[in-house]
Structure formats: C-alpha cells, structure tokens
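A.B. asks: below are the sequence and a predicted model; questions follow.
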Amino acid sequence: MACERGTGFLILLLGTAVMAGSCLGGIRVPSAATGDLEIRTSGPPQHLVFACETDLPSLEALFADPSVIPDLQDLQAGVALALGDLSDGRAGVVRRLNQAGIPVEAWMNLPMEQGYYPNASNEPQAAARFAEFERWTAANGLRWTAIGLDIEPNIQEFAALQNSKLRLAATLLGRYFDVERVRRAREAYAALIRQMQSRGYLVETCQFPFIVDERDAHTTLLERLFGLVDVRGNREVLMLYTSFNHAMDSALVWKYGPRAQAIVVGSTKGNPPTDARFPPLDWEEFSRDLRVAAHFSPVVGVYSLEGCVHQGFLARLKSMDWNEPVTIPADALRKANRMRSRIHAVLWLGSNLPYFVLVIFIATGWWIWRRARQRAAAKRRS
C-alpha cells in the first residue's frame, strides 16, 4: 500500500519549505484542541494490510520463516507486495500466499532506471509495466485483490540534479510554469486506472498527506514541482508515517485521518543511512498509530511487513487490545497544527509568487522612475 524509499527525500524538501514558512506566520488551521486528546476506538479495522518491499532473496527468506504466514492468517491480514521485479521467484511467493488464503495486492513499481514510482515523468513506462504485469500474472496463474499505485517523485532524477544546484533550480523553475504537464499526467493516469478497472482490478492510489493541503489551497504546486499526480482510483490511501517526526506523536494521523479513505502507518523498517534521524517506530508508537488510524479507516496499512517481523510485532498484534485508549499530548497537536499552517503558507506563497515578483518589479520601476524625475528636477533648479 505504501513505500518509504523516496518519502524521506520529499519530507526533507518540504521540511525546508515549512521552516521558511514559519517566518510568514502562516494561515491558521482551526483546531479545538486546548489540551491532551484521548481517543477510543471500537476495535480493530476491518482489514489490515502489510506492505512488503524487499529484494527477491530477502523476500524468499522472509516467507521461509515458519511463523510469518500463520501469523498473517491469524490476523486475517493481507500483503501489498512491491513488484520490483516480475521474476519466477516473486511469482512463487505470490502463489504461496494465494494458496494460504492471504489476500495479495500488486504494488506496482517500475525498474529503478525508470524512476521506480509512478509519477508525472514516467506514465508511458507505467502503462507498459502494467501490460508486462498482466502477461506475468497470466503466465503464472496469480491472483490479486487490488493494484496499488504509489505516486512519488522520481528519486533518481532529483538525486542527479542535486549534484548541480543550477540545473536543479532551472528544472524546478521550468516545472513551476508547466501547468500543461499536470493536465497531461492526470489524464494519462486516469486512463491507466480505467484500463486496470476494466480488467477487473480494484485500484488504490497512495499519496503523501500534503496532497490534501494542496487541494485545500486550490493549487498544483507540488504536482508541478515534484511530479505528483492528483488522481484517484477506487480508494485513496494516505501515507501517514510518524517515523519522520516522532515528536509529533499520533497527531499527524489524527489531523489527516478524517480526509483519508485508507491510512498507512509506519515505518517499522530500519534504514541504516537515516536511522539516526528517522528511526523506525517502536511497539508503543506503532500500536498507538494503529489505534488512531483504525478510528478513521476500515482499512489500515502498515509499512512494512519485514520491519514488523524483525521487531516481533506480528505475534504481539494477535493479543493487542484495540480498545485501549490513546492519548495524544497537547504539545503534539500544536506541532501538527503549526506544521499544517506552515505548509498552507508555503503553498499559498509559492502559488502566488509570480504576483509578488510582478508587484516588486513594478514598485522598483516606479521608485527608479521617481528618483530619476527628482534628480532631473534638481538639475533644472540648479
């Protein structure tokens, strides 16, 4: 249902923007929270899905663990399997899950050299990948409950541009004014989703939560700059990863939850290059986020299955009390409010930047013209 490989990159970019936005005061997001907030759920979600994203050897080793499939069966949980390759080995894992009665969602990915994630830069490749997927599925007799489109920026493209600040700035400037690119991408992915649905698939689109703020601000700034595509299938999934800001507690899930058709929490998976700054969720954080997500959504996803297996979370989930209340501290709620206010401020400022530049240009021109007239008048008087 969701992925983290590129999430940190966009979070860091937006984090820089949000820090800049803090200087603006922001646009206030109304909130009734004045103290700690206690949340009670009415039990587990109707459907729990574990996202699994790993290379083939690690995938086969994961499901060689004799406890994993029985634990998934006990939890009546599904698996969203990232399709980093369309190999015989990966097909073998899907068949094992099919035979065990575990629902499997096809998490569509592209080859790394094509950007890995579906986005505005690679729609033709995404359509070709779906055709490959259909042939592979038919050849191996695989069964899927849904197809997931995890829409994220092209991380390889941005990694290459980071080596040249001038090229990065030129690329972002060009995209800023390229409104037509947004229209083309939306139409292309909407057509691809219709094609998937015509083949009998339920289609989920996974989005960053900031897409909600962009809709509220009536702008396409993030779509233009980062290649996100505001398109929907049968169900939209918001990726609400509190592992990127542990201090915000479950307030991130609480603030965006009302706007989500489904929610993914995470990340439970360690990533050594970024663990010092963005460590994976521990059990207390993970179970808390799950309860808050279940308050809003009948479908709750977890990134990732391998992280949960590594930390021993599957067995603990089987005995978890879903009715235990969750308390979100007032300070965390305030931080979430400030974050959303700053995001709204940055989106508003970024969308209206040409008007500010025009006003500054006109004001500067008027000042220069006025100074020139004053100097000319002074010379005539002398």
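C.D. replies: Cool, the structure landed.

A.B. asks: so what does the helix or strand hosting residue 204 touch, helix or strand wise?
C.D. replies: Assigned by DSSP states H and E, residue 204 falls within strand 203-207. If contacts are counted by 3 or more CB pairs under 8 Å, 6 or more residues apart in numbering; DSSP states H and E, strand 203-207 sits against strand 146-150, helix 179-198, strand 235-241. Every C-beta, even on glycine, is put in place using the N, C-alpha and C of the backbone.

A.B. asks: of all the ones you listed, which one is nearest residue 162?
C.D. replies: Among the helices and strands packed on strand 203-207, helix 179-198 comes nearest to residue 162, with 20.9 Å by CB to CB.

A.B. asks: now do that closest one, average pLDDT.
C.D. replies: Across helix 179-198, the average pLDDT comes to 97.

A.B. asks: just checking, residue 81 is part of a strand?
C.D. replies: Yes. Judged by DSSP: H, G, I helix; E, B strand; the rest coil, residue 81 forms part of a strand.

A.B. asks: how many residues are close by the residue nearest to it when sequence neighbours are not counted?
C.D. replies: Once flanking residues are discounted, residue 81 sits nearest to residue 52: 5.3 Å by CB to CB, 6 or more residues apart in numbering. Residue 52 has 28 neighbours, counted by other CB atoms under 10 Å.

A.B. asks: so what's residue 188 up against?
C.D. replies: Going by CB atoms under 8 Å, 6 or more residues apart in numbering, residue 188 touches 123, 124, 127.

A.B. asks: following the helix or strand of the chain with the lowest mean pLDDT, which helix or strand comes up?
C.D. replies: Counting by mean pLDDT, DSSP states H and E, the weakest-scoring helix or strand in the chain turns out to be helix 7-21, with a mean of 46. Moving toward the C-terminus from helix 7-21, the next helix or strand (DSSP H and E) is strand 37-39.

A.B. asks: elements contacting that next one?
C.D. replies: Using 3+ CB pairs under 8 Å, 6+ apart, strand 37-39 is in contact with helix 283-296, strand 326-328.

A.B. asks: mean confidence for the helix or strand that the strand holding residue 204 is followed by?
C.D. replies: The element immediately downstream of strand 203-207 (helix or strand, assigned by DSSP H and E) is helix 210-216. Averaging pLDDT along helix 210-216 yields 95.

A.B. asks: walk me through the domains of the chain.
C.D. replies: Annotated domains of the chain cover 7-351, 357-382 [automatic domain parsing].

A.B. asks: of the ones you listed, flag the one that's most buried.
C.D. replies: Mean neighbour count (mean count of other CB atoms under 10 Å) peaks for domain 7-351 among these, with a mean of 18.

A.B. asks: among the domains of the chain, which gets the worst mean confidence?
C.D. replies: Minimum mean pLDDT among the domains of the chain: domain 357-382, a mean of 82.

A.B. asks: I figured residue 245 hits residue 251, correct?
C.D. replies: No. The pair residue 245 and residue 251 does not pass the contact test of CB atoms under 8 Å, sitting 9.2 Å apart.

A.B. asks: which residues do these two both contact?
C.D. replies: residue 335.

A.B. asks: can you give me phi and psi for residue 102?
C.D. replies: Backbone torsions for residue 102, taken as degrees, to the nearest 10, come to phi -90, psi 120.

A.B. asks: again but with residue 303, I slipped
C.D. replies: phi -110, psi 110.
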